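Trainee: Let me see the structure of the following:
(one chain, ligands or ions: 1)
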Amino acid sequence: MKIGIVGSGMVGATAAYAMVMRGIGREIVLVDKNQKRALAESEDIVHAVPFADPLIIRAGQYSDLQGSRLVIICAGVSQKEGESRLDLLGRNAAVFKEIVPGILEYVPEGLLVVATNPVDIMTYLAAHYASGSGLPKTKIIGSGTTLDTARFRALLGERIGVDPQHVHAYVIGEHGDSEVLSWSSARVGAATLDDFCAQHNVCLDGKAKKGIDDRVRHAAYAIIEGKGATYYGIGSALAKIVDVVLHDQRSILTVSTPADEVAGVKDVCVSLPRLVGGDGVLATFPLPLDEREEATLRESAQVVRKAIDELMDML
Ligand code: NAD
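Mentor: Predicted coordinates for the structure are as follows:
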């Protein structure tokens, strides 16, 4: 199966590499306005193929995307040190106006997976530029808080001494400063987090929770300060989303997609646990949140909605 990637910088190329190493798909096409970069990345990754699964990877134009099952969008400018994701908005909006119709001309029935930041707003914008094309909104998926949820589970699992795959905890809302770590709905196996900690004498007090919250919420800032960009985590998250779609795995992922209403906020894109399969987003599962989390989810959705309003006024 063919997968397109538009924007083959650090995130796009790392997603391609992650797919090659995991044997996801059979052909990957890299498209970038910097064609030299797309070619160089594809040639570099080709040299990893003999150590992984057989797969064709090449650079191309929009027309080469024809026949793709889905296209990942990672084109844009990346977050600079100290810059919030919302600051990126204006710079990346213009890029999408060109890219989304460019993709849909050749892949009218495929799925779009958006990674460009601020990802919730860019997902909304992708749906805006796709409207009228016949592509259902459920086939427009933002990576959202998929990565943040993985970070939350990894840190929580490390703290309580359990494989993160058996820690069911979710980060919802905006992929950004206002995101919500839902502690009240977290489960370890079938036990609530509080019950698990009580039964196993694990101390997870307010200070420990705040430490984990800080490390999840500010992970990107810390990594960007150290090395200028984040790409391994998101590259792996994108490979996972592609795998789920290609094999109709019906996984529950915290992706972002246009929704009529979230926590009382209308017409917005934020992450919630969603069932994802071959046709995109199949269902959304509201989390049983406590009062404080419900209020912070509403605030988070309002942050995104406000930015969408500002953006729509600019267009
Ligand atoms: P990068 O600068 O390395 O790559 C961006 C690429 O986009 C460049 O190669 C550039 O030439 C290309 N591009 C720009 N305009 C284009 C256009 N009109 N058509 C085609 N290609 C175009 O940046 P990066 O580190 O790969 O980050 C890419 C995006 O992903 C950024 O917006 C970044 O903030 C975002 N990101 C998202 C997450 C997430 O969790 N969703 C995580 C990390 C980064």
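Trainee: Give me the below-cutoff pLDDT ranges for the chain.
Mentor: Counting by pLDDT under 70, the chain has low-confidence residues at 78-79, 84-86.
Trainee: What about the residue in it that the ligand sits nearest to? Give its phi and psi, please.
Mentor: Nearest residue of the chain to the ligand (CB to the nearest ligand atom) works out as Gly9 at 1.7 Å. No exception for glycine: its C-beta is placed from N, CA and C like everyone else's. Main-chain torsions, Gly9, degrees, to the nearest 10: phi -80, psi -150.
Trainee: surely it meets Ile73?
Mentor: No - applying CB atoms under 8 Å as the test, Gly9 and Ile73 come out as separate, 11.8 Å apart.
Trainee: Tell me which of the two has more neighbours.
Mentor: Using other CB atoms under 10 Å as the criterion, Gly9 and Ile73 rank with Ile73 on top: 29 against 19.
Trainee: List the contacts of that one.
Mentor: 6-7, 96, 99-100, 103, 112-116, 122, 126 (CB atoms under 8 Å, 6 or more residues apart in numbering).
Trainee: what do you get if the cut-off is 6 Å, keeping everything else the same?
Mentor: Contacts for Ile73 were tallied using CB atoms under 6 Å, 6 or more residues apart in numbering; they are 6, 114, 116.
Trainee: got it, and Lys2?
Mentor: Counting by CB under 6 Å, 6+ apart, Lys2 touches 27, 67-68.
Trainee: hey, what's it bridged with?
Mentor: Following DSSP bridges, Lys2 is listed with bridge partners Glu27, Ser68.
Trainee: Distance of it relative to Leu287?
Mentor: Between Lys2 and Leu287 the computed distance is 35 Å (CB to CB, to the nearest Å).
Trainee: ok, now Leu147?
Mentor: 18 Å.
Trainee: cool, and Gln249?
Mentor: In terms of CB to CB, Gln249 sits 21 Å off from Leu287.
Trainee: between the two, which one's more packed in?
Mentor: Leu287 (17 against 14).
Trainee: And what about the more buried one, helix, strand or coil?
Mentor: coil (DSSP: H, G, I helix; E, B strand; the rest coil).
Trainee: that older thread, among the contacts of Ile73, name the ones in strands.
Mentor: Among the contacts of Ile73, the residues falling in strands (DSSP state E) are 6, 114.
Trainee: Show me which parts of stretch 98-111 are buried, residue by residue.
Mentor: 99-100, 102-104, 106-107, 110-111 (16 or more other CB atoms under 10 Å).
Trainee: Mind putting the contacts of Lys2 into TSV with neighbour count and distance to Ala237?
Mentor: What follows is the contacts of Lys2, written out as TSV (neighbours: other CB atoms under 10 Å; distance: CB to CB, whole Å):
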residue	neighbour count	distance to Ala237
Glu27	16	21
Gly67	13	25
Ser68	23	19
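Trainee: what helix or strand is Arg153 on?
Mentor: Secondary structure assignment for Arg153, by DSSP states H and E: helix 146-160.
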